[in-house]
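Colleague: Dropping the sequence and predicted coords here.
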Amino acid sequence: MVQRFVRDRRVTRTRTVAKDAMDFLDGCGFIAVDRENKKAVESALRSVRRFLEKMGCKRGKKKGMMCCRLKEENIRKRDACVQLMTDANKDVSRRTIHMDESHIHKNHHRHDN
């Protein structure tokens with residue numbers, strides 16, 4: 001859901017920062033932020049930043065502005081996957097099966113299934 005929010009804003013070339021994501025999550029009812037309490041807002045913002053970092057977003061300046069973007073490692077992996085799928089789709093005799101990503105997660109172990 002948050003990825004879709006960030007991607008939709010990226011399409012319109014709107015800068016997205018953690019505060020925007022926090023406002024989105026607050027509006028959807030996923031988190032509750034007491035706007036009157038400055039410490040509560042700062043705490044919620046730190047939590048959203050941690051969440052975005054775990055999702056693969058990177059905080060930092062790009063061309064003079066702070067924004068949320070994918071880490072370089074994830075960009076390379078995504079590009080390689082898209083290239084592989086593009087090449088696979090050219091061969092009409094092959095079937096493409098899309099699976100979930102549980103098999104590539106860092107803490108996933110085969111014996112936990």
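Modeller: On my side now, so go ahead. On a predicted model such as this, the values are computed, not experimentally measured, just so you know.
Colleague: What residues of stretch 80-95 count as buried?
Modeller: Within stretch 80-95, no residue counts as buried by 16 or more other CB atoms under 10 Å. Placement of C-beta: from N, CA and C, glycine included.
Colleague: Give me the distance from it to the chain's centre.
Modeller: Distance, stretch centre to chain centre, for stretch 80-95: 24 Å (CA atoms, centre = their mean, to the nearest Å).
Colleague: next helix or strand past the worst-scoring helix or strand of the chain on mean pLDDT?
Modeller: One helix or strand of the chain scores below all others by mean pLDDT, DSSP states H and E: strand 65-70, with a mean of 60. Using DSSP states H and E, the helix or strand that follows strand 65-70 towards the C-terminus is helix 72-90.
Colleague: tell me the mean pLDDT for that following helix?
Modeller: Averaged over helix 72-90, pLDDT sits at 84.
Colleague: now stretch 93-110
Modeller: The average pLDDT within stretch 93-110 is 62.
Colleague: where along the chain do the strands fall?
Modeller: 57-62, 65-70 (DSSP state E).
Colleague: doesn't residue 22 make contact with residue 5?
Modeller: No: Residue 5 lies out of contact with residue 22 (CB atoms under 8 Å); the separation is 11.2 Å.
Colleague: Mind checking which of the two has more residues around it?
Modeller: With neighbours defined as other CB atoms under 10 Å, residue 5 and residue 22 compare such that residue 22 has more, 22 against 15.
Colleague: Could you report the separation of the more buried one from residue 57?
Modeller: Residue 22 sits 13 Å away from residue 57, going by CB to CB, to the nearest Å.
Colleague: Same check on residue 37?
Modeller: From residue 37 across to residue 57, the span is 26 Å (CB to CB).
Colleague: Of the two, which one has the most company?
Modeller: residue 57 (22 against 11).
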